[in-house]
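> using only what follows, build the 3D model:
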Amino acid sequence: MKKAITIKDIAEQLNLSRNTVAKALNGQYVPQRTRDRVIAKAKELNYKTLSDNLYQPSTQKHYRILLISGKPLNNIHFFVPIIRGIENYCYDHHYELFQYIFNKDKTTFEGFISYIKDFEADGIITIESFDKDFIMKLVHFNKPICFIDFCTYGNSVEGNYDIVETSNELPIFEITRSLIRKYKFTKFTFVGDYEHCLSFQERYFGMINALHSENITHHKTDDILRSDSFDYGNLESIKTEILKLKHKAQVYICSNDFIARSVCNALKELNIKVPDSAMVVGYDNVSEAVLNNPTITSVGINKEQIGLETMKTLVHRIENPNTPTKRISLNTKIYYRNSTNRI
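Model prediction:
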């Protein structure tokens, strides 16, 4: 008598776990491609308990999402909530999510594209990927893409993608103008690489436009605009840059809270008291701002919401690939703290 085919037999032939095969045969969620393989093998082996309704393709859409970053995401207070929002959305909708770090010094773009093809990604999310050449090539690969933030030439690239960002220019404009009107300040310094990404550039323009609106002259020589490769976390390096400034700054507008904390520490080493002799503003409202002494005025964003909105936008792009490129800007909140508050 011929031995009956079991779940174990199917699992061994497909090199899958018995649990995965059982889920596929019992109508539980597994990726559609895996489910199709299991059902096909079960039919081939004449698996006796295979229900007829399992031959019908699932009507629920199960996407494979690839999250690409240009470098390791070391700022956990900023990136973890964003990734959590992406993961939660994928979990709720039974999507597969994988992460890939693209290092152009170690990986060719052709090798990277080969990986995407083998992975059979339905859509791509990028975070901390601002290399213009890489973005151009990625967009022209013609996969649905949603960028979290973007490179500094904004929407000038034609392709099948969208951008999710936060409101960057307006809150910095409001903070700058508020400090000008409250304290009659005229000497502002921006700290950070305003060409690193679109969000940094918009924050820089927020400060510049506020100064112009109040008829205050400003020159780039008044700023610390070193490239992003510069070690903004190095205390001695920041002190040196501050001492190079032709005009003593009354307010330092920093591209994020990490840099703002470094500036606060450098000013302390230089015996410049914050906020009595100089004020400091950051962005992102992470722990560096809240735990610093003095606490740092910052702009808060709902980081988990960024992840959720990114997934919603990408799914819409996957299902509507020919819609025009969108830039979605999420609201922010200003948190005034001790670094800009003279008693």
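> show me the shaky parts of the chain.
1-2, 29, 49-60, 154-155 (pLDDT under 70).
> quick check: bridge partners of the most centrally placed residue in it?
Closest to where the C-alpha atoms of the chain average out (Cα atoms, centre = their mean) is I127, at 3.8 Å. Legend: beta-bridge partners of I127 under DSSP bridges are S69, I148.
> hmm, it is touching F78, no?
No: I127 lies out of contact with F78 (Cβ atoms under 8 Å); the separation is 10.2 Å. All C-beta atoms are positioned from the backbone trio N, CA, C, and that covers glycine.
> about what we covered before: residues contacting the residue nearest to the centre of the chain?
Neighbouring residues of I127 by Cβ atoms under 8 Å, 6 or more residues apart in numbering: L67, I68, S69, L73, F79, I82, I148, D149.
> what's the closest of those residues to Y95?
L67 (11.3 Å; Cβ to Cβ).
> surely L198 meets C151?
Yes: counting by Cβ under 8 Å, C151 is a contact partner of L198 at 6.6 Å.
> and the residue nearest to C197 when sequence neighbours are not counted, what element?
Leaving aside its sequence neighbours, C197 sits nearest to F130 (Cβ to Cβ, 6 or more residues apart in numbering; 4.6 Å). Per DSSP states H and E: F130 is located in neither a helix nor a strand.
> and F130, what does it touch?
F130 neighbours (Cβ under 8 Å, 6+ apart): G70, D149, F150, C151, T152, H196, C197.
> residues touching the first one, list them.
Think G70. Going by Cβ under 8 Å, 6+ apart, the list of residues near G70 reads I101, F102, N103, T126, E128, S129, F130, D131, F134.
> of the residues you listed - the most surrounded one?
T126 (25 neighbours; other Cβ atoms under 10 Å).
> so that residue sits right up against K143, yeah?
No: here T126 does not reach K143: they are 11.0 Å apart, not a contact under Cβ under 8 Å.
> now do the strands in this protein.
64-69, 96-101, 123-127, 145-148, 161-166, 188-191, 251-254, 279-281, 298-300, 327-330, 333-335 (DSSP state E).
> and I224, which of the ones you listed is closest to it?
Nearest of those (Cβ to Cβ): strand 188-191, 4.6 Å.
> quick one: contacts of that closest one?
Counting by Cβ under 8 Å, 6+ apart, 176, 203-204, 207-208, 211, 216, 218, 222-225, 232, 238, 241, 245, 249-255, 259-260, 263 sit against strand 188-191.
> cool, and stretch 79-94?
Contacts for stretch 79-94 (Cβ under 8 Å, 6+ apart): 29, 60, 62-63, 65, 67, 73, 95-97, 125, 127-128, 148, 303-312, 315.
> winner for burial among the strands of the chain?
strand 279-281 (a mean of 29; mean count of other Cβ atoms under 10 Å).
> my understanding was that D276 contacts R342; is that so?
Yes: look at D276 against R342 with Cβ under 8 Å: they come within range, at 6.4 Å.
> export stretch 126-133 to PDB, keeping only CA atoms.
What follows is stretch 126-133, C-alpha atoms only, in PDB (Å, rounded to 0.1, in the frame of the first residue of the first chain):
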ATOM      1  CA  THR A 126      14.300  54.900   1.200                       C
ATOM      2  CA  ILE A 127      15.600  56.600   4.400                       C
ATOM      3  CA  GLU A 128      18.900  58.400   4.800                       C
ATOM      4  CA  SER A 129      19.600  58.000   1.100                       C
ATOM      5  CA  PHE A 130      20.500  61.300  -0.300                       C
ATOM      6  CA  ASP A 131      23.200  60.500  -2.900                       C
ATOM      7  CA  LYS A 132      22.000  62.200  -6.100                       C
ATOM      8  CA  ASP A 133      23.500  59.700  -8.500                       C
END
